[in-house]
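Peer 1: predicted model and sequence follow; I will ask about them next.
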Amino acid sequence: MFLPRRSATTHRITRDAKGARSDWHRSGPLSPPQPHASRTENDVDSVGQSTDTARDDQPIVETADLITEDARRALQAPQARREVSPVRPGRRHEAVAGAAARGSLAEGPSRYNANNVSTDQENPRSDGESAVRKERREKRFAQRAVLWSISTLPRVKKCGRTTNGNEGDGKAAIKVQGGVAHWSGFCSCGSIWACPVCSAKIRATRADEIARAVAKHMIQDGGTAWMVTLTARHKKHHDLADLFDAVANGWRQLMSGYRWAGDKKRNLPGERDKLGVRGNIRSLEITYGTRNGWHPHLHVVLLLNDETLEELTYAMVRWDKTWRQWMKKKGYEPSKEHGVKWSKVTTPEQAGEYIAKVQEGKGHVGNEMARGDMKAGRLGTLAPFEMLEYLRTTGDAAVVPVWHEYEKATFRRRAITWSRGLRAQLLDDEPELSDEEVAAEEVGGETWALLPAESLTAMRRVPGLQTALLDAAENGGFSELVNLLTAYHLAYELGPDAPAAANLT
């Protein structure tokens, strides 16, 4: 069923397979209301260990063509290339050289805070990242608003909508930190899979942790790192949960048997010892193709200390053969062009982005939105949150059962996993926060305004108003925030850090 196209702020009513009614607002361009205008309300670890063995008795040279060209060039290089990560906005430039020498990233705010808290205190509008931040925030908040109606997860339905009591009973606050505004006092779901707002914050934090860990391994300890991508053939009729299990168990096959661990009784070393494997960090990434269905693939950063051309080449071939044998047994044998691909890590940040990148895709879906192509199978490959964007923009209810399958299959699965003891070894026993704790962590800052429950309810009735208030505070200051609150008849209390009333215009 395709829903008719309507204006960008249309109130949408849909029915699920059982006829249950749900409604939600599509967000669009925000315009001030007319006077007296009426408004309508609208992780189980997926990777483990096993004892099964996949044997490989074929000579290396017979399947050496399976190695990617990037891997081949890196193997043939006389010396592993080690680069210091480029300076990123939000980091202290003068600390980069010293940090590299210590084997860590430069001091400064986390990647999340760097993207959400400007370092320009005097004029936040001069921040070069503000336009990108504004666009991302508007899109993520709008996608989360869609989830309030369609999600099957109670925590996700409350995220950014229900207050948590931190700012007083039923209240939420607008705070400003370093020229960037944000909300405080709302519940967070902490879902790295299903929530576009929490996922961005969690993955940014994880990317920063991984980058610092890989920096210590590569720069301070002199190790090397490889990015390995493992894929499986998939068809439209394959269930996502079954594909998840096949990929997870395929990884167990690689990490088991004497070829990996060696044979102590016969005093035979395995790949783990020959390559000096320090550990690995891995993540599951998912996309959805309207023609071929779900496509889960495993991303692994493998940290090595003693790699040699011969042993690494042998490992590459053995991994590819073992992976293909397992996937063929389960009915997901990859094509020759896919399977297991290796490429060398050149910067620590590259590893962090590779493992923890946000599941938002490349934005290509916008070109296809108006055509209603979900059932026709012409949308190509979508990242999970691109499916929400498609639904938000077109109202095509065909995506809803697909999203529900995604929520069910990813529930309680771990998205990012470190091998045992590796995180503590590389991050000096730095406490590890859960996804829920990372998402709930407050940025802090000056409290400009407190909104009571009735104002928050009225705010949710206007698509885009939740982010528009933040934009007003960032770009127009306190006076512009007050003007917008007044225009929408939203009651508020002055926060303890609000600028003096004399400064209002």
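Peer 2: Perfect, I can see it now. Predicted model only: the values in this text are computed from it and were never measured.

Peer 1: ends of stretch 305-313, how far apart?
Peer 2: Taking Cα to Cα, to the nearest Å, stretch 305-313 runs 15 Å from one end to the other.

Peer 1: pLDDT on that stretch, on average?
Peer 2: Mean pLDDT, computed over stretch 305-313, is 92.

Peer 1: what residues of it count as buried?
Peer 2: Across stretch 305-313, burial judged by 16 or more other Cβ atoms under 10 Å covers Glu307, Glu311, Leu312, Thr313. All C-beta spots, glycine's among them, are computed from the backbone N, C-alpha and C.

Peer 1: in helices, which of the residues you listed fall?
Peer 2: Among these, the members falling in helices (DSSP state H) are Glu311, Leu312, Thr313.

Peer 1: how much space separates the first one from Ala213?
Peer 2: With distances defined as Cβ to Cβ, to the nearest Å, the gap from Glu311 to Ala213 amounts to 24 Å.

Peer 1: same question, Val247
Peer 2: Going from Val247 to Ala213 by Cβ to Cβ gives 23 Å.

Peer 1: of these two, who's got more company?
Peer 2: Ala213 (29 against 23; other Cβ atoms under 10 Å).

Peer 1: could you find the closest non-adjacent residue to the more buried one?
Peer 2: Leaving aside its chain neighbours, Ala213 sits nearest to Leu426 (3.8 Å; criterion: Cβ to Cβ, 6 or more residues apart in numbering).

Peer 1: neighbours of the one you found, how many?
Peer 2: Around Leu426 there are 25 residues (other Cβ under 10 Å).

Peer 1: phi and psi next, for it.
Peer 2: Recorded main-chain torsions at Leu426 are phi -90, psi -20, according to degrees, to the nearest 10.

Peer 1: now for it: which residues touch it?
Peer 2: Residues in contact with Leu426 (Cβ atoms under 8 Å, 6 or more residues apart in numbering) are Arg212, Ala213, Val214, Lys216, His217.

Peer 1: for the closest residue to the last one other than its chain neighbours, give me the pLDDT.
Peer 2: This points to His217. Once flanking residues are discounted, His217 sits nearest to Gly223: 4.5 Å by Cβ to Cβ, 6+ apart. We note a pLDDT of 96 for Gly223 in this prediction.

Peer 1: still on that earlier bit, can I get the contacts of Leu426 in CSV including distance to Thr322 and pLDDT?
Peer 2: Below are these laid out as CSV (distance: Cβ to Cβ, whole Å; pLDDT from 0 to 100):
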residue, distance to Thr322, pLDDT
Arg212, 32, 95
Ala213, 27, 95
Val214, 25, 95
Lys216, 30, 95
His217, 25, 96
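
Peer 1: spatially, which two of these are the most separated?
Peer 2: Using Cβ to Cβ, the contacts of Leu426 reach their maximum pairwise distance at Arg212 and His217, which is 10.0 Å.

Peer 1: neighbour count: the two, which is higher?
Peer 2: More neighbours surround His217 than the other of Arg212 and His217, with 26 against 23 (other Cβ under 10 Å).

Peer 1: surely the more buried one is in a helix?
Peer 2: Yes. Assessed with DSSP: H, G, I helix; E, B strand; the rest coil, His217 lies in a helix.

Peer 1: OK, contacts around it?
Peer 2: Neighbouring residues of His217 by Cβ under 8 Å, 6+ apart: Gly103, Gly223, Ala225, Arg278, Leu303, Leu426.

Peer 1: hang on, the second one packs against Arg278?
Peer 2: Okay, so that is Gly223. Yes. Counting by Cβ atoms under 8 Å, Arg278 is a contact partner of Gly223 at 6.3 Å.

Peer 1: overlap in contacts, these two.
Peer 2: Joint contacts of Gly223 and Arg278 (Cβ under 8 Å, 6+ apart) are His217, Leu303, Leu304, Asn305.

Peer 1: of those residues, which is the nearest to Leu388?
Peer 2: Leu388 lies nearest to Leu303 out of the shared contacts of Gly223 and Arg278, by Cβ to Cβ, at 34.6 Å.

Peer 1: in a strand, that's where the closest one is, yeah?
Peer 2: Yes. If the criterion is three-state DSSP, then Leu303 is within a strand.

Peer 1: Trp326 versus that one, what's the distance?
Peer 2: Counting by Cβ to Cβ, the gap from Leu303 to Trp326 is 24 Å.

Peer 1: burial count for Ala440?
Peer 2: 18.

Peer 1: just Arg266 next, same as before
Peer 2: With other Cβ under 10 Å as criterion, Arg266 counts 7.

Peer 1: cool, and Ala194?
Peer 2: Counted by other Cβ under 10 Å, the residues lying close to Ala194 total 25.

Peer 1: now swap in Met387 and tell me
Peer 2: Look at Met387: counted by other Cβ under 10 Å, it has 24 neighbours.

Peer 1: okay then, goodbye and thanks.
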